[in-house]
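In: sequence first, predicted model second:
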Amino acid sequence: MTDSSDLARLRHIGWRDPALPDDPRRLARVVAQHRAGYEVHDGSVAFNAQPAGHFLKRGLDPSLRPSVGDFVLLDHANHPVIEEVLPRRSVLTRAAAGERYERQIIATNIDYVLVITGLDGDFNPSRIERYLTLVEGSGARPVVLLSKADTEVDVEGAVNALRARLPDEAAVHAINAKDPSTVALLAGYLGPGSSAVLVGSSGAGKSTLTNTLLGEDRMATAAVRTHDSRGRHTTTHRALLSLPTGGCLIDTPGMRELKLTGEENLDLFADIETLASQCRFADCGHSNEPGCAIQAALSSGELSPQRWRNYLKLHDEREEQAATLEARLKRKAGPKPVAKPKRGEWRRGDS
């Protein structure tokens, strides 16, 4: 029988199930990953743990290894060892930077992805669309936070311009990350048992917002550069933090490169794909063809040129990444074995 006190304790680290696993091993959540191993939390105390040997096998898919946000089972040895990763309810990934294709997990078991961008030189609706495309299929909901609303910018104009490019159900909030009164609206996303990951460029205000949510200056912050509104990487690794509101927040380093994985559906641009299906010709190239619904929408102002260009860019990148992923899987599977002919069976090339 599950002890209610155990559930209450684990709820502080984001455990949402009404019961505990039927397993004698120790349950904990990965709150940080370092070169020397992992830091985990069991709802009462944080401690270091090492991965079991099967997680270290060469060639193992990195997504099968423990990641920040994972609930894991550990043995009872003097030196805790992560033996099993429990099934994930959500996974946010991106393609790792560089030429080699590899999916990189940003966070797991999250309910919300808080996408923060500054209302200064950092404001870029196309990049926000890219973030929301990555969130698709993760199992988490995106929430766009426009920080630095206290600066001399047209906040209302920026919010309206962004809303015009996003689906109606997308949540958009303008905040001053330093002001607890404006940050209070995030409590609805960070209640007991809820988990969120905070993503955005360096200098957007992630660490400042995290400190305000914590009620203390725990995360290092730095001034942004005046010429491009970018900051230094004050957050160096992903870390899961328990908040006074009862929820959990995973803070991440600033991400300069956001590569699609090739598995996105581009649901964010469903309206554009609906328009494309209305073209006169099924193979319409959306340029000079007669009866092109895309060109008609661009001419009437129904579709903005910026959003159309960003859709094409993301679509092409998605297709390229999908082809790379398929080729990688084929190489990993290896060549198909050649079946030996049965006795007396003739095979082409035999003399």
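Out: On my side now, so go ahead.

In: could you pull up the residues touching the spatially most central residue of the chain?
Out: Taking Cα atoms, centre = their mean, the centroid of the chain lies closest to residue 92, which sits 3.4 Å from it. Contact partners of residue 92, counting by Cβ atoms under 8 Å, 6 or more residues apart in numbering, are 105, 106, 107, 108, 110, 113, 134, 135, 138, 140, 197. C-beta: built from backbone N, CA, C; applies to glycine.

In: now do residue 23
Out: Counted by Cβ under 8 Å, 6+ apart, residue 23 has contacts residue 73.

In: give me the three-state assignment for it.
Out: coil (DSSP: H, G, I helix; E, B strand; the rest coil).

In: any idea of the pLDDT on it?
Out: What the model reports for residue 23 is a pLDDT of 93.

In: I'd like to know how far it sits from residue 68.
Out: To residue 68, residue 23 is 22 Å away according to Cβ to Cβ, to the nearest Å.

In: tell me which element the closest residue to residue 42 other than its chain neighbours is part of?
Out: Spatial nearest neighbour of residue 42, chain neighbours left out: residue 28 (4.3 Å); criterion: Cβ to Cβ, 6 or more residues apart in numbering. Assessed by DSSP states H and E, residue 28 sits inside strand 26-34.

In: partners of the helix or strand following that strand in the sheet?
Out: Following strand 26-34 in sequence order, the next helix or strand is strand 37-41 (DSSP H and E). Next to strand 37-41 in the sheet, as set by DSSP bridges, lie strand 26-34 (antiparallel), strand 46-51 (antiparallel).

In: would TSV of the contacts of residue 92 with distance to residue 174 and neighbour count be doable?
Out: Formatted as TSV, the contacts of residue 92 follow (distance: Cβ to Cβ, whole Å; neighbours: other Cβ atoms under 10 Å):
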residue	distance to residue 174	neighbour count
105	30	21
106	24	22
107	24	28
108	29	28
110	23	29
113	18	24
134	22	25
135	20	25
138	24	19
140	22	23
197	20	28
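
In: keep only those of the residues you listed that are in helices.
Out: Among the contacts of residue 92, the members falling in helices (DSSP state H) are 134, 135.

In: could I get the contacts of residue 92 as JSON lines with distance to residue 186 and pLDDT?
Out: Below are the contacts of residue 92 laid out as JSON lines (distance: Cβ to Cβ, whole Å; pLDDT from 0 to 100):
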{"residue": "105", "distance to residue 186": "24", "pLDDT": "94"}
{"residue": "106", "distance to residue 186": "19", "pLDDT": "95"}
{"residue": "107", "distance to residue 186": "17", "pLDDT": "96"}
{"residue": "108", "distance to residue 186": "21", "pLDDT": "98"}
{"residue": "110", "distance to residue 186": "14", "pLDDT": "97"}
{"residue": "113", "distance to residue 186": "13", "pLDDT": "97"}
{"residue": "134", "distance to residue 186": "21", "pLDDT": "94"}
{"residue": "135", "distance to residue 186": "17", "pLDDT": "95"}
{"residue": "138", "distance to residue 186": "19", "pLDDT": "95"}
{"residue": "140", "distance to residue 186": "15", "pLDDT": "97"}
{"residue": "197", "distance to residue 186": "13", "pLDDT": "97"}
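
In: thinking again about what came up before, how close does the residue nearest to residue 42 sit to residue 308?
Out: From residue 28 to residue 308 the distance is 47 Å (Cβ to Cβ).

In: can you show me the strands along the stretch 51-200 of the chain?
Out: For the stretch 51-200 of the chain, the strands defined by DSSP state E, counting those that start in this stretch cover 71-74, 81-85, 91-95, 103-108, 112-118, 141-147, 171-174, 195-200.

In: just to revisit the earlier point, wait, which of the strands paired with strand 37-41 is closest to residue 291?
Out: strand 26-34 (53.6 Å; Cβ to Cβ).

In: tilt between the closest one and strand 195-200?
Out: 10 degrees (axes from the mean of the first three to the mean of the last three Cα atoms, to 10 degrees).

In: and the residue nearest to residue 42, bridged to which residues?
Out: Under DSSP bridges, the beta-bridge partners of residue 28 are residue 72.

In: just for the chain, where's the confidence low?
Out: Applying pLDDT under 70 to the chain picks out residues 1-2, 77, 97-101, 219-237, 336-351.

In: buried residues of whichever helix in it runs longest, list them for me.
Out: Using DSSP H, we find that the single longest helix of the chain is helix 305-333. Buried residues in helix 305-333, counted by 16 or more other Cβ atoms under 10 Å: 307, 308, 310, 311, 314, 315, 317, 318, 321, 324, 325.

In: please apply the same query to stretch 56-74.
Out: 65, 66, 67, 68, 69, 70, 71, 72, 73, 74.

In: got the residues you listed as CSV, with distance to residue 127 columns?
Out: Shown next, in CSV, are these (distance: Cβ to Cβ, whole Å):
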residue, distance to residue 127
65, 29
66, 30
67, 24
68, 23
69, 23
70, 28
71, 31
72, 33
73, 38
74, 39
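
In: and which of the residues you listed is nearest residue 55?
Out: Among the buried residues of stretch 56-74, residue 65 lies closest to residue 55 (Cβ to Cβ), at 5.0 Å.

In: that'll do, ta.
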